[in-house]
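J.: Predicted model follows, preceded by the sequence.
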Number of protein chains: 2
Amino acid sequence: MDSGASGEDDLIARHFAPLAGPAALGLKDDTALLRPTPGHDLVATADALVAGVHFFADDPAGSIARKALGVNLSDLAAKGARPVGFLLTLALPQGTDEDWLASFAEGLGLAASDSACPLMGGDTVSTPGPLTLSITALGEVPAGRFVPRTGAQAGDVLLVSGTIGDGALGLRQRLGREAPLPPEMAEAAHLIDRYLHPRPRLGLAEALRSQAHAAMDVSDGLVGDCAKMLHASGVGGVLDVAAVPLSSAARLAIARDTGLREVALTGGDDYEILCAAPPEAVPALQAMAAEAGIPLTVIGRVEAQVGLRCRDGEAEVTFARGSFSHF
Amino acid sequence: MDSGASGEDDLIARHFAPLAGPAALGLKDDTALLRPTPGHDLVATADALVAGVHFFADDPAGSIARKALGVNLSDLAAKGARPVGFLLTLALPQGTDEDWLASFAEGLGLAASDSACPLMGGDTVSTPGPLTLSITALGEVPAGRFVPRTGAQAGDVLLVSGTIGDGALGLRQRLGREAPLPPEMAEAAHLIDRYLHPRPRLGLAEALRSQAHAAMDVSDGLVGDCAKMLHASGVGGVLDVAAVPLSSAARLAIARDTGLREVALTGGDDYEILCAAPPEAVPALQAMAAEAGIPLTVIGRVEAQVGLRCRDGEAEVTFARGSFSHF
């Protein structure tokens, strides 16, 4: 980590050095140094998170760290990439105490070690504004095996990993007003946990590389992201909302208020993987996913005619908002 | 660039797509894809800049962009690396108008094309706080030829590129109070220009790779950064402050107020290159630098005994603050 003052240097060294991989050069240089694996392409992604916009300033510091790294790893997973490391820039509000920084580094370290994605470098600065983080994650795919967003083909099947809507419902639960579930329920805690702690689907990378035509991570709402992937691929398709996998917590919430189904389908913060694969590849794709412990559910199909249509059984359905925007 | 809303998508596409290189995949994916040059190592660096801390919110948008990219390119240059591309995360205050964004993108595009370092991807988000930018720049060096900060050896000569102190004096000039020079002087404009627009010394990369034992960019003040490099290398040395190259504007300012010499020597924002090279390599190093149009001046020597001593001719000098801190 680059930093200007020696007091800050000490702080950074103490808390972040334990997270640093060999590429970080002991955080003693201003740069990271990495030897790319021969025969591999490099995948790079960057996401910024701002307190009060992407997370709550009073979220646990470790959760903020896990989320910041997780949303980037989710992008790598969707491209079939294996993480190799990340750079972090951290704009800290004046008066951020060392306990906060220690908890942040601890959460970040756990997420980094879970995903074999060590810290490579970065920068720590002071800000008069809210806590702002930016992470750039680097990954590798065997040359030519990157899974694009733009490869969906008419006839492909659409699949999504895990369950959809927990993040968006978890955000409502976290906000407290109009909470989907009574706060004392275990399912309420599940929703909040899903909102706070994305689980990047790195276990799907190999299955996607070998079986999928196109993939992206679902971060801005399933319906909108699905429309985005099909649009980027120059095709259209049908999404069967009745087939979209929901957790028991989400089902419970929707049973109490059917309006929450739209929240689940169009809200953000899922960090699941949406992909398009030819029908003949689906059994192998699902088997590989199952082996990685990740359910992968068929939710629709790709068609030549542009535009995404949503169906609930026989009925066509539309949504007021297709996707989530921070603006 | 990843972004949530389609209005924002359009905005980003319109202004940033012209800056994007092939690795950006048309900014249609959430990630960049890059094929590393065989036989090369990857160098990565990240710096964050916050309005009101690292630049003035009312600096020209194009200048802010050039500085944000420039400070990262300066790090790559110091390591002997050739830039390959960068990722940008941009946290925009609510109400940032499109003219600002257009000017920002224009300045960024100029800096990117000057340095053959195209935009590869990133993220744009909204912030209730000040404008905050984070850039991760990627570069390449032939395998094993990275120039570390930690390689200075007793007996080496210390050299610095260009002129020192213009950035720190330019900041004072920009602030207006206690301006080093009358604002109507051309030299005053030179200082402000140097503060606003770092000139990353990419032309030195090959010379450093082939001739230097250690290098770093001077961003936090020459004296402090020199002490840092020597400390990281486990050695010490002598810096002859009388030998430090100054621009005519800086000399003029110091002639008017000798206290400004300390500002020049310990202030930040130089973005010149400090390096250590064996005495026998100095002629070749300076010749290669001259060929690139970059002066490289001998300013001291490395010694085995730890600690940096500063001399002015025969007299030992000390400075109240060795380096610049944003904290």
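T.: Looks like it came in fine.

J.: Low-confidence regions, chain A specifically.
T.: A:1-9, A:321-327 (pLDDT under 70).

J.: redo that, cut-off 90
T.: A:1-14, A:16-30, A:94-97, A:176-178, A:313-314, A:318-327 (pLDDT under 90).

J.: How are the helices of it distributed by residue range?
T.: Listed in chain order, the helices of chain A (DSSP state H) span A:6-16, A:61-78, A:98-114, A:166-175, A:186-196, A:205-211, A:222-233, A:248-256, A:260-266, A:282-291.

J.: So for A:Ile273, which of the ones you listed sits nearest?
T.: helix A:61-78 (5.2 Å; CB to CB). From N, CA and C alone the C-beta is placed, and that goes for glycine too.

J.: With just CA atoms, put that closest one into CSV.
T.: Extracted in CSV, the C-alpha atoms of helix A:61-78 (Å, rounded to 0.1, in the frame of the first residue of the first chain):
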residue,chain,number,x,y,z
ALA,A,61,-16.3,-3.3,9.2
GLY,A,62,-15.5,-7.0,8.4
SER,A,63,-18.8,-7.2,6.4
ILE,A,64,-18.0,-4.1,4.4
ALA,A,65,-14.6,-5.6,3.5
ARG,A,66,-16.1,-9.0,2.6
LYS,A,67,-18.7,-7.3,0.4
ALA,A,68,-16.2,-5.1,-1.4
LEU,A,69,-14.0,-8.0,-2.3
GLY,A,70,-17.0,-10.3,-3.0
VAL,A,71,-18.6,-8.2,-5.6
ASN,A,72,-15.4,-8.1,-7.6
LEU,A,73,-14.8,-11.9,-7.2
SER,A,74,-18.3,-12.4,-8.4
ASP,A,75,-17.4,-10.7,-11.7
LEU,A,76,-14.3,-12.9,-12.1
ALA,A,77,-16.4,-16.1,-11.4
ALA,A,78,-18.9,-15.1,-14.1
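
J.: What residues of that helix count as buried?
T.: A:61-78 (16 or more other CB atoms under 10 Å in any protein chain shown).

J.: Also stretch A:252-264?
T.: Those buried within stretch A:252-264 under the rule 16+ other CB under 10 Å are A:252-254, A:260-264.

J.: what's the spacing between the closest residue to A:Gly122 other than its chain neighbours and B:Pro245?
T.: Closest residue to A:Gly122 apart from its sequence neighbours, by CB to CB, 6 or more residues apart in numbering or on different chains: A:Leu88 at 3.9 Å. In this structure, A:Leu88 and B:Pro245 are 35 Å apart, going by CB to CB, to the nearest Å.

J.: More neighbours: which of the two?
T.: A:Leu88 (29 against 18; other CB atoms under 10 Å in any protein chain shown).

J.: okay but that one is in contact with A:Ile135, surely?
T.: Yes: contact criterion CB atoms under 8 Å: A:Leu88 and A:Ile135 qualify, at 5.4 Å.

J.: Need the overlap of contacts for the two.
T.: A:Ala68 (CB atoms under 8 Å, 6 or more residues apart in numbering or on different chains).

J.: which residues does A:Gly162 contact?
T.: With contact taken as CB under 8 Å, 6+ apart, A:Gly162 is in contact with A:199, A:201, A:245, A:270, A:272, A:294-295.

J.: could you dump the residues you listed to JSON lines with distance to chain B?
T.: JSON lines is the format used below for the contacts of A:Gly162 (distance: CB to the nearest CB, whole Å):
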{"residue": "A:Arg199", "distance to chain B": "17"}
{"residue": "A:Arg201", "distance to chain B": "14"}
{"residue": "A:Pro245", "distance to chain B": "22"}
{"residue": "A:Asp270", "distance to chain B": "13"}
{"residue": "A:Glu272", "distance to chain B": "14"}
{"residue": "A:Ile294", "distance to chain B": "19"}
{"residue": "A:Pro295", "distance to chain B": "22"}
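
J.: Please, a PyMOL command that selects the buried ones among those?
T.: Those of the contacts of A:Gly162 that count as buried under 16+ other CB under 10 Å are selected in PyMOL with:
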select buried, chain A and resi 199+201+245+270+272+294
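
J.: ok, A:Met229 - contacts?
T.: The neighbourhood of A:Met229, defined by CB under 8 Å, 6+ apart, consists of A:149, A:152, A:214-216, A:274, A:276.

J.: can you do 6 Å?
T.: A:149, A:216 (CB atoms under 6 Å, 6 or more residues apart in numbering or on different chains).

J.: Repeat that for A:Ile299.
T.: A:158, A:160, A:239, A:243-244.

J.: That one - nearest residue in space that isn't next to it in sequence?
T.: In this structure, A:Ile299 finds its nearest non-sequential neighbour in A:Ala243, 4.8 Å apart by CB to CB, 6+ apart.

J.: Any figure for the gap between that neighbour and chain B?
T.: Separation of A:Ala243 from chain B (CB to the nearest CB, to the nearest Å) stands at 25 Å.

J.: Same question for A:Thr163.
T.: Per CB to the nearest CB, A:Thr163 is found 21 Å from chain B.

J.: So that residue is in contact with A:Pro245, correct?
T.: Yes: using CB atoms under 6 Å as the test, A:Thr163 is close enough to A:Pro245 to be in contact (4.9 Å).

J.: How many residues are close by the one residue in chain A that gets nearest to chain B?
T.: Closest contact between chain A and chain B, by CB to the nearest CB, is at A:Gly129 (2.0 Å). Residues near A:Gly129, counting by other CB under 10 Å, number 22.

J.: Next: A:Ala212.
T.: 28.

J.: what does A:Pro60 give?
T.: 16.

J.: How about it, nearest residue that isn't a chain neighbour?
T.: A:Pro60 sits nearest to A:Ser103 (CB to CB, 6+ apart), 6.7 Å away.

J.: correct me, but that neighbour touches A:Ile64?
T.: No: the criterion here is CB under 6 Å, and A:Ser103 misses it with A:Ile64 at 9.1 Å.

J.: what does the stretch 101-250 of chain A have sitting close to chain B?
T.: A:122-123, A:125-130, A:132, A:134, A:136, A:146, A:149, A:220, A:232 (CB under 6 Å from any CB of the partner chain).

J.: May I see the ChimeraX selection of the buried members of these?
T.: To isolate the buried subset of these in ChimeraX, counting by 16+ other CB under 10 Å, use the following:
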select /A:122,123,125,126,127,129,130,132,134,136,146,149,220,232
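
J.: Out of the residues of the stretch 101-250 of chain A next to chain B, which two sit at the greatest distance?
T.: Maximum distance among these (CB to CB): 40.0 Å, for A:Pro128 and A:Phe146.

J.: Phi, psi for A:Gly151 please.
T.: phi -100, psi 0 (degrees, to the nearest 10).

J.: how many neighbours does it have?
T.: With other CB under 10 Å as criterion, A:Gly151 counts 19.

J.: Was I right to think it contacts A:Gln211?
T.: No: using CB under 6 Å, A:Gly151 is not in contact with A:Gln211; the gap is 11.9 Å.
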